[in-house]
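Student: Any chance you could fold what I've pasted below:
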Amino acid sequence: MDLHASQIQGFFDIPVDNLYAEPAVLKWIRDNIPEWKNSCIVSPDAGGAKRVTSIADRLNVEFALIHKERRKANEVSSMVLVGDVKDRVAILVDDMADTCGTICLAAEKLQDAGALRVYAILTHGIFSGPAISRINNAVFENVVVTNTIPQVEKMKLCSKISVIDISMILAEAIRRTHNGESVSYLFSNVPM
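Tutor: Numbers count the residues shown, from 1 in each chain. Model prediction:
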């Protein structure tokens, strides 16, 4: 789901369908953020621009991105917000977060730029090293992840973490594949 690089599909000797969390993310935003119509979808880096523009277009809201410069791996030297989040709910969206340094710095940048509240929605919450401590000390209203990685233990350590259950998406993909049906329906719909 939400492969970090689409080239990963080439390492398999059978057909691979990359499933997307986007339909479930859209549903979560509409169901859980009352003021989502006054939001701005934000990418914490340029690499996620396509993802956030797709979500912003489907919600009919604005988008922004954060340009970051790194000194070396896992060390950001500066961040510049491109877009306007003033007096809006900022929703950071990314495919994964490991130590959460980038998203926590991005959240602070968004708050400094006038965001009313800051959410993070991540497909894969790896949460290694200082991640939980960083999230607990960050300005997030909520950090939402799918359950592609079990989060029960992390949720006990951090009340800000919520989970989107994607088991029905995976189950429906398996069912459709088994029955020779197209899985493309899942690219824009959440099975119930």
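
Student: Nearest residue to residue 170 in space, please, no chain neighbours.
Tutor: Using C-beta to C-beta, 6 or more residues apart in numbering and skipping the chain neighbours, the partner closest in space to residue 170 is residue 19 (7.2 Å). To be clear about C-beta, it is placed using only N, CA and C from the backbone, and glycine gets the same treatment.

Student: Just to check, that neighbour is in contact with residue 188?
Tutor: No - counting by C-beta atoms under 8 Å, residue 19 does not reach residue 188; the two are 11.6 Å apart.

Student: Quick check: which ranges of this protein have low pLDDT?
Tutor: 73-76 (pLDDT under 70).

Student: What are the boundaries of the strands in it?
Tutor: 39-43, 62-72, 75-82, 89-97, 117-125, 142-146, 161-164 (DSSP state E).

Student: So which of residue 19 and residue 188 has more stuff around it?
Tutor: Neighbour totals were compared for residue 19 and residue 188, and residue 19 leads with 21 against 11 (other C-beta atoms under 10 Å).

Student: OK, contacts around that one?
Tutor: Residues in contact with residue 19, defined by C-beta atoms under 8 Å, 6 or more residues apart in numbering, are 1, 2, 169, 170, 173, 183, 186, 187.

Student: Tell me the spacing between the third one and residue 31.
Tutor: So that's residue 169. Per C-beta to C-beta, to the nearest Å, residue 169 is found 16 Å from residue 31.

Student: So those two - more neighbours on which side?
Tutor: Using other C-beta under 10 Å as the criterion, residue 169 and residue 31 rank with residue 169 on top: 22 against 9.

Student: how about the more buried one, what does it touch?
Tutor: 1, 19, 21, 23, 24, 186, 190, 191.

Student: Show me the helices in the protein, by range?
Tutor: Ranges of helices in the chain, per DSSP state H, are 22-32, 49-59, 101-112, 131-137, 152-157, 167-178.

Student: And those helices: which comes nearest residue 13?
Tutor: For residue 13, the closest of those is helix 167-178, at 16.2 Å, according to C-beta to C-beta.

Student: Could you figure out how far the closest one is turned away from strand 142-146?
Tutor: 20 degrees (axes from the mean of the first three to the mean of the last three C-alpha atoms, to 10 degrees).

Student: Only the buried residues of helix 167-178, if you could.
Tutor: Neighbour-count burial for helix 167-178, with 16 or more other C-beta atoms under 10 Å as criterion, is recorded at 169, 170, 172, 173, 176.

Student: Good, wrapping up.
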